[in-house]
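1. Build me a structure from this.
(chains A and B)
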Amino acid sequence: MLDDRAIKTLLLRAAARDEGSAEAFRRLYELSAPLLLGVAQRVLARRELAEEVLHDAFARIWHAAGSFDPLAAQPVAWMTAIVRNRAIDVRSSHDVSRVDSYHATVDEDPEGSLDRLFDWSPAADDGEDRRRAAQWLRDCLSRLGAPERQSLVLAYEHGLSHSELAVHLKKPLGTVKAWVRRGTASLRGCVEARMSGQAR
Amino acid sequence: MKLASRPALDALCGEYVVGTLRGAARRRFERALREEPLVAQRLRHWQANFTPRYAPMIETRPSPQVWKRLEKTLGFARARTPWFRRGWAIAIAALLVIVVGVQLARQEPDGVLIAKLAGKAATVSAHLSRDGRTLVLHSDRPVIAGPAQSYELWLLTPEGGVMSLAVLGSLEARFEVPERHRGRLRGQLAVSVEPAGGAPGGKPTGPVILVGPIKA
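-> Numbering: from 1, shown residues only, chains lettered A, B, ... in the order given. The predicted model follows:
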């Protein structure tokens, strides 16, 4: 598992733009590229496109390292978002319309896919807040209705748009949009209720 | 109208995080992210609490060409670096490795063993950092609370008081000792199973699965 603390140190070192920055960036790449390529490949299925995205995303990470806010952002999540957004853009411009074999497993076993795809166990460097947040999210995801959960997981994992979701799930566009909207709204309600319970 | 003041802000953040916000709508949202601090703040909440961490099983190693291209794109061409500066880069890189290593090592175990908690589920050791502010639990095997549960760690004082120290998602944990208990951890530590988020009334409600005396 990537250690957010080590990643953060390297990212800040890269942002410093001095003698050690290129080397820190190389190390950052070495540590995190396999995971980020995995993220891109989930969205793009095609290896060469995923590597293209990895290249572009790391160029972006190098240039944006200075604007990374070390207090607010979790660096792995920050880099993941850059890769996913880039992959989603490439996916829509290349018309990578495919429903690959991953989807079958998601369909048959939505609960299992949550635990296969994501790591809910606490990382060594997690504060208690993050441990709790991960547990709440896992808990709240499993409480969603099956269609809502399936829509969210498919869209998140494979970068499917509303209309791709509709095709894949064989439902009208409006229905699928409502599932995504209701799914995110219920998740938010559920997690925030646990947060405020905690604050009591 | 400012995006930050719209009731739909959370819906937009949610769709952005999930990835279904597309086209012009996403571009508008990203512009608002740059221009409206409240939007950025709200998105941070979503990113911190609503994005799961990917499992290592999705990892796949990129071909070496990707890094070679990146070096070119970013102008890291080593050939043009004069030898004396290359030496510096190597020295600094080595130093960096040491610094990162030392930082990682420093965060590792874990102060003084103050208690061993035993039960059916596991044996857990509790270490208190030397400054008395951080308590670290290590379990001899991984035990993670079910989706509707939390574990709660209690201090049972010699006077018969029962006070919550922390609500835990697993028996591997590191957290700050609440200020009023610092320097006053005496009696026993115990872990009970509680509803997700911890015991609602501030007293244990579920079964106690681990207990052990605090060393004097």
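
2. Where does the prediction get shaky in chain B?
-> B:1, B:77-90, B:92, B:97-109, B:146-148 (pLDDT under 70).

3. Mind doing that once more with 50?
-> Segments of chain B classed as low confidence (criterion: pLDDT under 50) are B:79-80, B:107-108.

4. three-state assignment of the residue of it found nearest chain A?
-> Taking C-beta to the nearest C-beta as the measure, chain B has residue B:14 as its residue closest to chain A, at 3.0 Å. C-betas here are computed from N, CA, C, even on glycine. Secondary structure, DSSP: H, G, I helix; E, B strand; the rest coil: residue B:14 is helix.

5. what's around it, how many residues?
-> Other residues near residue B:14 number 23, with proximity taken as other C-beta atoms under 10 Å in any protein chain shown.

6. can you pull the pLDDT of the closest residue to it other than its chain neighbours?
-> Nearest residue to residue B:14, sequence neighbours excluded (C-beta to C-beta, 6 or more residues apart in numbering or on different chains): residue A:184, at 3.0 Å. According to the model's per-residue confidence, residue A:184 sits at a pLDDT of 97.

7. Check the gap between residue A:43 and residue B:94 for me.
-> With the distance defined as C-beta to C-beta, to the nearest Å, residue A:43 ends up 37 Å from residue B:94.

8. Which one's more surrounded, these two?
-> It is residue A:43, of residue A:43 and residue B:94, that has more neighbours when counted by other C-beta under 10 Å, with 25 against 12.

9. got a list of what that one touches?
-> By C-beta atoms under 8 Å, 6 or more residues apart in numbering or on different chains, the residues touching residue A:43 are A:50, A:53, A:84, A:87-88, A:91, A:157-159.

10. Kindly report the domain assignment for the chain.
-> I'll assume chain A. Here the domain parsing of chain A from automatic domain parsing is A:1-96, A:98-200.

11. wrong chain, I was asking about chain B
-> Structural domains assigned to chain B are B:3-50, B:61-107, B:112-213, following automatic domain parsing.

12. Show me the one of those domains that comes nearest residue A:180.
-> With distances scored as C-beta to C-beta, the stretch of the domains of chain B nearest to residue A:180 is domain B:3-50 (5.5 Å).

13. Between the two ends of the closest one, how far is it?
-> 21 Å (C-alpha to C-alpha, to the nearest Å).

14. What segments of chain B are helices?
-> Listed in chain order, the helices of chain B (DSSP state H) span residues B:9-18, B:23-35, B:37-50, B:64-74, B:83-107.

15. And the helices in chain A?
-> In chain A, the helices defined using DSSP H lie at A:4-15, A:21-44, A:47-64, A:75-94, A:101-108, A:110-117, A:128-143, A:146-158, A:162-169, A:173-199.

16. can you tell me which of these comes nearest to residue B:178?
-> helix A:128-143 (11.2 Å).

17. ok, and for that closest one, which residues are buried?
-> Across helix A:128-143, burial judged by 16 or more other C-beta atoms under 10 Å in any protein chain shown covers A:128, A:130-141.

18. Show me what the mean pLDDT comes to for that helix.
-> Regarding helix A:128-143, the rounded mean pLDDT is 89.

19. Repeat that for stretch A:14-33.
-> Looking at stretch A:14-33 alone, the average pLDDT works out to 93.

20. which residues are contacting that stretch?
-> Stretch A:14-33 is contacted by residues A:2, A:6-7, A:10-11, A:13, A:54, A:58, A:61-62, A:65-66, A:68, A:76, A:79, B:61-62, B:66-67, B:70, B:74, B:76, B:85, B:88-89, B:92-93, B:95-97 when judged by C-beta under 8 Å, 6+ apart.

21. Report the buried members of the residues you listed.
-> Buried by 16+ other C-beta under 10 Å: A:2, A:6-7, A:10-11, A:13, A:54, A:58, A:61-62, A:65, A:68, A:76, A:79, B:62, B:66-67, B:70, B:76, B:89, B:92-93, B:96, out of the contacts of stretch A:14-33.
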